[in-house]
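Visitor: Kindly generate the corresponding structure for this input.
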Amino acid sequence: MAIPQLTIDQVQSVIPSAADIQEVDRGGQKIVFSGILDGQKYALKFMAPNPSQVGGQNSKSLDDVTSRAQREVETMQQCSTPYLVRMGPIGLNTTNIAGDPIIYFSEEFVEGENLRSYLQSNGVFSVSELVSLAFHISEAIKAIWQFFKIHRDVKPGNIMRRVDNGDFVLLDMGLVFDL
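Guide: As a prediction, the model looks like this:
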């Protein structure tokens, strides 16, 4: 399904307590905004479910987008490490915007640059930076593994480097797989 087409005003109407809403990114199936909730900045993720993938009228099956969002939220709620993005104050919710179903939730907003952008503009890491990267991401993977899950989407675009302390953080648990 296509990325939902949302305006800042529509996001504000769905999350009236959010302030300073700004569009941050558009991905394969989602649009991400930043917003201030209770004085803290969070990422606000919005996705459009694909009703054509759901079974008959009485079916309890979910489309891929909703299933991914549920896995992502569940994994963030279970895992606790500074190297995985954390769940925000808004759990998985559904709404309708302009007649279209939308699912959304919030997560920690990681101030920094993703690894893909960093490498494109700066080239290679030093040995000490590579050691930190390997340690931090292996700790993130270990935290997921403790719940018998695997990430399946570890790539430079899903790794952020925190601007405040240089830590690396693994994002986007939508493809997490239960073993």
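
Visitor: what residues are up against the nearest residue to Y83 once chain neighbours are set aside?
Guide: Across the structure, with Cβ to Cβ, 6 or more residues apart in numbering as the measure, the residue nearest Y83 apart from its sequence neighbours is A140 (4.0 Å). Where C-beta positions appear, they are placed from N, C-alpha and C, glycine not excepted. A140 makes contacts with 81, 83-84, 151, 169-170, as judged by Cβ atoms under 8 Å, 6 or more residues apart in numbering.

Visitor: Need the per-residue pLDDT for A140.
Guide: Reading off the confidence values, A140 has pLDDT 97.

Visitor: same question, D172
Guide: 90.

Visitor: now it: how far from L6?
Guide: Using Cβ to Cβ, to the nearest Å, one gets 19 Å for the distance from D172 to L6.

Visitor: Quick one: neighbours of N122, just the number.
Guide: By other Cβ atoms under 10 Å, the residues close to N122 number 9.

Visitor: For A18, see how far away it is.
Guide: Using Cβ to Cβ, N122 is found at 33 Å from A18.

Visitor: try K142
Guide: As judged by Cβ to Cβ, K142 and A18 stand 33 Å apart.

Visitor: Who has more neighbours out of those two?
Guide: The residue with the greater number of neighbours, taking K142 and A18 and applying other Cβ under 10 Å, is A18; the counts read 20 against 12.

Visitor: Looking at that one now. What's its pLDDT?
Guide: So, for A18, pLDDT stands at 97.

Visitor: Surely it is in contact with V11?
Guide: Yes - counting by Cβ atoms under 8 Å, A18 does reach V11; the two are 7.0 Å apart.

Visitor: Which neighbours do the two have in common?
Guide: Listed as contacting both A18 and V11 by Cβ under 8 Å, 6+ apart are 35, 44.

Visitor: just for the protein, where's the confidence low?
Guide: Counting by pLDDT under 70, the chain has low-confidence residues at 1-2, 4, 51-62.
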